[in-house]
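Student: structure for the following, please:
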Amino acid sequence: MAVQSECKSFQQIGSHVVALIVIIVLAVLLAVAFWAAFNGLVKKRNRTQEAWSQIDVELKRRHDLIPNLVSTVKGYAEHEQSTFESVTQARANAVAAGATGDPAHIAPAENALSGALRSLFAVAENYPQLRAVESFLQLQETLTATEDKIEYARRYYNTSARDYNTALQTFPRNLIARPLGFSAVAFFAADEDDRGVPQVDFSGSGPGGPGPAASGPPPA
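Tutor: As a prediction, the model looks like this:
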């Protein structure tokens, strides 16, 4: 009887040890899974924030260029006051929206600014004298380059935001995302008609020739 009792005791101890090992292994696996999921979310969030910072830099450069552009065009088209006021107001709205840091608010304001800039360049087309103004041509070239950079940064940001939002919604990350303070981000959407600044071509206009023609916005 004593031998049987000792055997049962060893069996119980053995089963307890096995159960403890299983619990430890499961705990380690859960900890590793939690660590991997958390680090993955952090990396995707950081990449999204970095991508947004690139957009923010280019948008601020765009805002800084506009006053000089308006001032240059105004010198040759003073009576187009409503257009200048529209661009100035659109810029102010875009700057105010940018202060929120929310793409959902910034995108509409920037799209409205793009539309106002299109109107400004349409006005510029009616003044061939501007073809000889080097400052205007430089501003136009710089603004166009900035628009291209914004479009590239926008695509990169939206791709990063898509990957990050998808990670938040997939199992098992969705179990830890909200409790740990991770939240979805908005996409930076651009209107198809307002993605670029119209290109003004002065090459075909002479002193007495027809006004310059616009080639339209650059391809997205």
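Student: hmm, residue 48 and residue 157 touching each other?
Tutor: Yes: when contacts are counted by CB atoms under 8 Å, residue 157 is listed as touching residue 48 (6.9 Å). Bear in mind the C-beta positions are built from the backbone N, C-alpha and C, glycine included.
Student: higher neighbour count, the two?
Tutor: residue 157 (24 against 21; other CB atoms under 10 Å).
Student: from the contact counts, what lies against the longest helix belonging to the chain?
Tutor: Ordering each helix of the chain by length in residues (DSSP state H) puts helix 2-74 first. Under the contact definition 3 or more CB pairs under 8 Å, 6 or more residues apart in numbering; DSSP states H and E, helix 2-74 sits against helix 81-100, helix 103-124, helix 134-169, helix 173-177.
Student: hang on, isn't residue 97 packed against residue 110?
Tutor: Yes: contact criterion CB under 8 Å: residue 97 and residue 110 qualify, at 7.5 Å.
Student: which of the two has more residues huddled nearby?
Tutor: More crowded of residue 97 and residue 110, by other CB under 10 Å: residue 110, with 27 against 21.
Student: ok, the more buried one to residue 58 distance?
Tutor: Using CB to CB, to the nearest Å, residue 110 is found at 10 Å from residue 58.
Student: same question, residue 181
Tutor: Distance check for residue 181 against residue 58: by CB to CB, it reads 28 Å.
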